[in-house]
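Visitor: I'll drop the sequence and a predicted model, then ask my questions.
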Amino acid sequence: MLVSWLYPRYCELCHRQGASDLCAECEAKLERVSLPICLHCGSPVGGGEADAHSCVQCRGRNFAFDFARSFCARSEQSLRLIYGLKYHHGNYLAPPLARLLAHLWDETPELANARDWCLVPVPSERRHLLKRGYNQAEELAGELGKLRGLAVFSPLLRQKTNVESQTYLSSGERKHNALAAYALHPSFACGKKRLPVPNVVLVDDVYTTGATAHACSRLLKKLPGVRCVGVLTVMRAGRRWKI
Ligand SMILES: [Zn+2]
Ligand SMILES: [Zn+2]
């Protein structure tokens, strides 16, 4: 009580003072990913494709993850939250956004019906880490871990690449770059460290083409004992949207 008096919180979207950095009303108004979705990649699809595993996003691709889900669609509000988290020293937004991931967790049958999960954040580039002071995916995973009582591991590394930004690249180019951009941490690659459970949820803020999720999942599947890799993100962005 004293803490909230000393440090009042204001909703990131409506700026009203309250108990959270994202108030319940604004949270309820966030535009969700429209249903039905592809059961594999989680993209909205036409009715006939809903259970076909062959949506436009998945066609011709062989995503290494078992399923991917996002809480909200791209909208002015969700972009403000993601920009806040990513670019405006907004790690205070990690707890309310992790709450959205926790809702998504509960709505995802694959997660609700399985046990033995751990969380892995998508690693961020060193220059972003130095600039921001934190990796937003790590912050989200940490907060989600607290909410669901799950351990967080970091078996992945982001490698330096020559490409400045993934923005405006074709999905093929993104995929190629993403594969080169991630690697297994040496201690996991040599088997010195292992994930203690067979099921992994990869956590990130935004899902765009699936290239990052695919590249990271492909590496996670190489780890001994890993059976299933799911992907949870706060937002799903269109391919050409700058994030
Ligand atoms: Zn609000
Ligand atoms: Zn799909």
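Guide: Perfect, thanks for sending it. Ligands and ions are numbered 1, 2, ... in the order given.
Visitor: Which residues belonging to the helix or strand where Lys86 lies are considered buried?
Guide: Using DSSP states H and E, Lys86 maps to helix 76-87. Using 16 or more other Cβ atoms under 10 Å as the test for burial, helix 76-87 gives Gln77, Ser78, Leu79, Leu81, Ile82, Gly84, Leu85, Lys86. To be clear about C-beta, it is placed using only N, CA and C from the backbone, and glycine gets the same treatment.
Visitor: Packing partners of it?
Guide: With contacts taken as 3 or more Cβ pairs under 8 Å, 6 or more residues apart in numbering; DSSP states H and E, helix 76-87 sits against helix 94-107, helix 136-148, strand 199-207, strand 228-236.
Visitor: Dump that helix to PDB, restricted to CA.
Guide: Output of helix 76-87 as PDB, limited to C-alpha atoms (Å, rounded to 0.1, in the frame of the first residue of the first chain):
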ATOM      1  CA  GLU A  76      -2.400   0.900 -32.200                       C
ATOM      2  CA  GLN A  77      -2.700  -0.200 -28.600                       C
ATOM      3  CA  SER A  78      -0.600  -3.300 -28.800                       C
ATOM      4  CA  LEU A  79       2.100  -1.500 -30.800                       C
ATOM      5  CA  ARG A  80       2.200   1.200 -28.100                       C
ATOM      6  CA  LEU A  81       2.800  -1.500 -25.500                       C
ATOM      7  CA  ILE A  82       5.500  -3.300 -27.600                       C
ATOM      8  CA  TYR A  83       7.300   0.000 -28.500                       C
ATOM      9  CA  GLY A  84       7.100   0.900 -24.800                       C
ATOM     10  CA  LEU A  85       8.600  -2.400 -23.700                       C
ATOM     11  CA  LYS A  86      11.200  -2.400 -26.500                       C
ATOM     12  CA  TYR A  87      12.300   1.200 -27.000                       C
END
